[in-house]
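Participant: Just the structure for this:
(one chain, ligands or ions: 1)
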Amino acid sequence: MQKLIFATNNQHKVEEIRALLGKRFQIVTLAEAGIHIDIPEPYDTLEQNAREKAMTIYRLTGISCFGEDTGLETMALNGDPGVKSARYAGDERDFAANTQKLLNMLEGKTNRSARFRTVISLCLNGTEHLFEGACEGQIADIPRGDKGFGYDPVFIPLNSNRTFAEMDLAEKNQYSHRGKAMEQLVRFLLNQQNY
Ligand code: IMP
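Facilitator: Residues are numbered from 1 along each chain as shown. Next up is the predicted model:
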């Protein structure tokens, strides 16, 4: 089985991706690879941040790897929090504070349309390949559910009346931005001769 490093310290994302991939690939986390760094996300686009994560780890290890960056974009706030989603309420990257700030910013707005967008940068033997997935939905009036992470308690995907935090991993993956981007990544990898 081919080994791929997933350049993240977010255990929730690792679990989502392992649930999606089953036994097809061996996904190694940064901690499992013995890498204990917090990779910066300094850029204004998801693409550049995803690339920075993948390239940083490839340069360190020489092992093929992928990084991803995700943003929650709302219509009423002209795309905010977008690429700033992780630090919307401050550098502490506090999920509850970010979610509360989003609800405050949307108070009184009738348009609650939003979408999650994920970009994955795969660095395969030194060459980059990009994949993208999006999930359209609505921001709920109050948080609901205790599963998942981040903005999950307030995000209701299109064609559902439940938030991501009310769904188990398999169900969230059917709708989710990251699930869609990962499907493309897997399809690409399965078409590579070495995989
Ligand atoms: P990053 O990709 O780790 O920088 O994530 C940006 C922000 O979006 C973080 O605050 C995450 O908690 C949040 N986020 C990323 N993916 C998801 C998701 O699938 N559900 C809810 N929040 C998410």
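Participant: who touches stretch 27-38?
Facilitator: Contact partners of stretch 27-38, identified using C-beta atoms under 8 Å, 6 or more residues apart in numbering, comprise 3-9, 11, 14, 17-18, 21, 56-57, 60-61, 63. To be clear about C-beta, it is placed using only N, CA and C from the backbone, and glycine gets the same treatment.
Participant: same thing but at 7 Å, please
Facilitator: Residues from elsewhere that reach stretch 27-38 (C-beta atoms under 7 Å, 6 or more residues apart in numbering): 3-9, 14, 17-18, 21, 57, 60-61.
Participant: Let me know the closest of these to the ligand.
Facilitator: residue 8 (7.0 Å; C-beta to the nearest ligand atom).
Participant: burial measure for the closest one, as a count.
Facilitator: Around residue 8 sit 19 other residues, with neighbours defined as other C-beta atoms under 10 Å.
Participant: hey, what's residue 6 bridged with?
Facilitator: Beta-bridge partners of residue 6, counted by DSSP bridges, are residue 29, residue 66.
Participant: Name the nearest residue to whichever residue of the chain sits closest to the ligand, ignoring sequence neighbours.
Facilitator: Residue nearest to the ligand within the chain (C-beta to the nearest ligand atom): residue 150, separated by 2.4 Å. Excluding the flanking residues, the one nearest residue 150 by C-beta to C-beta, 6 or more residues apart in numbering is residue 95, at 5.3 Å.
Participant: Am I right that residue 119 falls within a helix?
Facilitator: No. Using DSSP: H, G, I helix; E, B strand; the rest coil, the secondary structure at residue 119 is strand, not a helix.
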